[in-house]
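Asker: This is a predicted model, with the sequence first.
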Amino acid sequence: MLQMVEWMHSYNLNKPDSTKVKFYGFDMQFDKLAVPLVAEKLKQLDSNYYNTHFKALADFKTFDAAKLKFIKFSDKEADSYKQLFIDIDTYLNTQQTALLKIFSTEDIAYLKRDVRLLQQCLDYDIQSTHVAKAYLNQYNDVRDKYMAENIEWISNYEGPQSKMIVWAHNTHVDNRFMGAVLKKAYSDQYYIIGFDFNKGSFRARNLEDKSKVETLSVGNAWNGSSGDVFSRLNIPAFFIDMEKPVKTNSIAAPFFTKKRLQRIIGAEFSHNRELNFYFYAPLYDNYDGLIFVNSTTATQANK
């Protein structure tokens, strides 16, 4: 990660803004940044109008960071916020001339997108606090749908000649949730690269102590899993385009097309339930290519 950021910095030196490599965020779980950004711009546009019509925006929060859980709105509260965001969006669409006197076209585009993100946050919160545990994937589908929507917006905003690397967990980029939406939208222009590893350290929320994000580690991957098989090649790290082996190699094809365990550790992990952090499916069904790292090293926390 550090090498990539340093490369981006070097690459961007002395280049015009139009050709620089950029970072965009596309997830929409949390509203912490969008709320003050939208509020501040609305105040700059017309503080009196903001105080009269949109002041409730300052109180909008979908996630309780101290309790690490989403805030459950009553139906009345949810409907009130839904209408608030519709009203803000409608108001901004009538104020283009006034907006251009204060903000750049880029700032205006981001402002309107932040309002859309707040709508997404609210819908995600409603799903996550009202859906029964048995249907937990239903609200994860909502998140993936909105992430795909945001990625498509970024691509359209940057223009038809732009190129993008979407960096997310395997279960988002693969052919099931967010990846399925993007694959349908972009077809072969969307090339899915999965990550796999055998052993090593990483940072995640320890489910044995949910209040702590810490450096955790695991030993060798489960016997017969993809990480275990790849580790036997004794290659520290490699990339493979799976299309050619599956189509032309009679020995490799069964490996990639047969259901196999693969580690899917994300933001959370539990040593007591380690087998729960594997996914059972053919690698070929989920990815176009794969990066394997035999031994991972955790990122260093910013002190």
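Answerer: Looks like it arrived, so ask away.

Asker: For the lengthiest strand in the chain, list every residue counted as buried.
Answerer: Counting by DSSP state E, the longest strand found in the chain is strand 193-206. Along strand 193-206, these residues count as buried under the neighbour rule (16 or more other Cβ atoms under 10 Å): 193, 194, 195, 196, 197, 198, 199, 202, 204, 205, 206. The C-beta positions use only the backbone N, C-alpha and C, and glycine is treated the same way.

Asker: Give me the contact list for the helix or strand containing residue 284.
Answerer: According to DSSP states H and E, residue 284 maps onto helix 283-286. Helix 283-286 has contacts (Cβ atoms under 8 Å, 6 or more residues apart in numbering) with 170, 174-176, 179, 192, 194, 226, 242, 246, 255-257, 260, 262, 290.

Asker: contacting residues around residue 87?
Answerer: Per Cβ under 8 Å, 6+ apart, neighbours of residue 87: 53, 54.

Asker: From residue 76, how far off is it?
Answerer: Distance of residue 87 to residue 76, computed by Cβ to Cβ, to the nearest Å: 16 Å.

Asker: partners of the longest strand of the chain in the sheet?
Answerer: Paired neighbours of strand 193-206 in the sheet (DSSP bridges): strand 213-218 (antiparallel), strand 268-269 (parallel), strand 289-296 (parallel).

Asker: now the longest one, how far from the centre of its chain.
Answerer: Computed by Cα atoms, centre = their mean, to the nearest Å, the chain-centroid distance of strand 289-296 equals 20 Å.

Asker: can you give me the helices in the stretch 51-200 of the chain?
Answerer: 75-93, 96-102, 105-130, 136-158, 170-173, 178-186 (DSSP state H, counting those that start in this stretch).

Asker: in the last one, what's buried?
Answerer: Right, the one you point to is helix 178-186. Buried residues in helix 178-186, counted by 16+ other Cβ under 10 Å: 178, 179, 181, 182, 183.

Asker: Pick the one among those closest to residue 21.
Answerer: residue 182 (20.2 Å; Cβ to Cβ).

Asker: How about that closest one: what's its closest non-neighbour residue?
Answerer: residue 190 (4.8 Å; Cβ to Cβ, 6 or more residues apart in numbering).

Asker: How many residues are close by the one you found?
Answerer: 18 (other Cβ atoms under 10 Å).

Asker: Distance of it relative to residue 181?
Answerer: Distance, residue 190 to residue 181, by Cβ to Cβ: 10 Å.
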